[in-house]
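Engineer: Here you go, sequence then predicted model.
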Amino acid sequence: MPTIGVKIRVFVPKEVFNETKAYTQVSHVMTQKTGPDLRREFARTYRSWDHQPNFQQDHYFGVRVMWVKVFTYSQQYRLVNAGARPHSIFPKHAGRMLHFRTGYKPKTRPRLIGSFTGGKFGDYISTPMVHHPGFEGREFDQTIAEEYQETFRDDIQEAIKKGLP
């Protein structure tokens, strides 16, 4: 099942891997700071939602590459992140009607990390189908990666400095 999230990498010089203390410092920053920071950023995007996606954290320490990945399998979160084109919606069972409220105020905005009050409002109506206008993707993953990249670079550089003699 596809995921949505952020994967931030760092390429580390060989010399750092020969220094156990530097390697340990970099590992600590990635697992104890970067991962939790990214999870907090994602949590800000769905704070006001009824659906609370479960974000997970993974990391990798390779020979020259290290990465931290924060991700979710949530279909709803992926849809909000990517957006949707205009489309028609029909009832799941033939002969039935769609029931929904006439108004909706989005809880999120494109390229803005945060979640606000909003949601459904207005009178209920019933109809055999509806033409959904679609919506612009929020691009949370790209926004968080772009905003955090410099912090990550600085944190790793600081960890390397602390760990080298």
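Structural biologist: Great, that's in hand.
Engineer: going forward, measure contacts and count neighbours with C-alpha atoms only.
Structural biologist: Noted.
Engineer: All the helices of the protein, in order from the start?
Structural biologist: Here the chain has its helices, by DSSP state H, at 14-18, 20-29, 35-45, 75-82, 140-163.
Engineer: Who are the packing partners of the last one?
Structural biologist: Applying 3 or more C-alpha pairs under 8 Å, 6 or more residues apart in numbering; DSSP states H and E, one finds that helix 140-163 makes contact with strand 4-11, helix 20-29, helix 35-45.
Engineer: CA atoms only: put the last one into CSV for me.
Structural biologist: I take that to be helix 35-45. The C-alpha trace of helix 35-45 is given here as CSV (Å, rounded to 0.1, in the frame of the first residue of the first chain):
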residue,chain,number,x,y,z
GLY,A,35,11.9,12.0,13.4
PRO,A,36,9.8,13.5,16.3
ASP,A,37,10.1,17.0,14.9
LEU,A,38,8.7,15.8,11.5
ARG,A,39,5.9,13.9,13.2
ARG,A,40,5.0,17.1,15.1
GLU,A,41,4.9,19.1,11.8
PHE,A,42,2.6,16.5,10.2
ALA,A,43,0.4,16.5,13.4
ARG,A,44,-0.2,20.2,12.9
THR,A,45,-1.8,19.6,9.5
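Engineer: Check what contacts that helix and list those residues.
Structural biologist: Residues outside helix 35-45 that contact it (C-alpha atoms under 8 Å, 6 or more residues apart in numbering) are 55-58, 68-70, 108, 113-115, 140, 144, 148.
Engineer: Counting neighbours, which bits of that helix end up buried?
Structural biologist: Using 16 or more other C-alpha atoms under 10 Å as the test for burial, helix 35-45 gives G35, D37, L38, R39, E41, F42, A43, T45.
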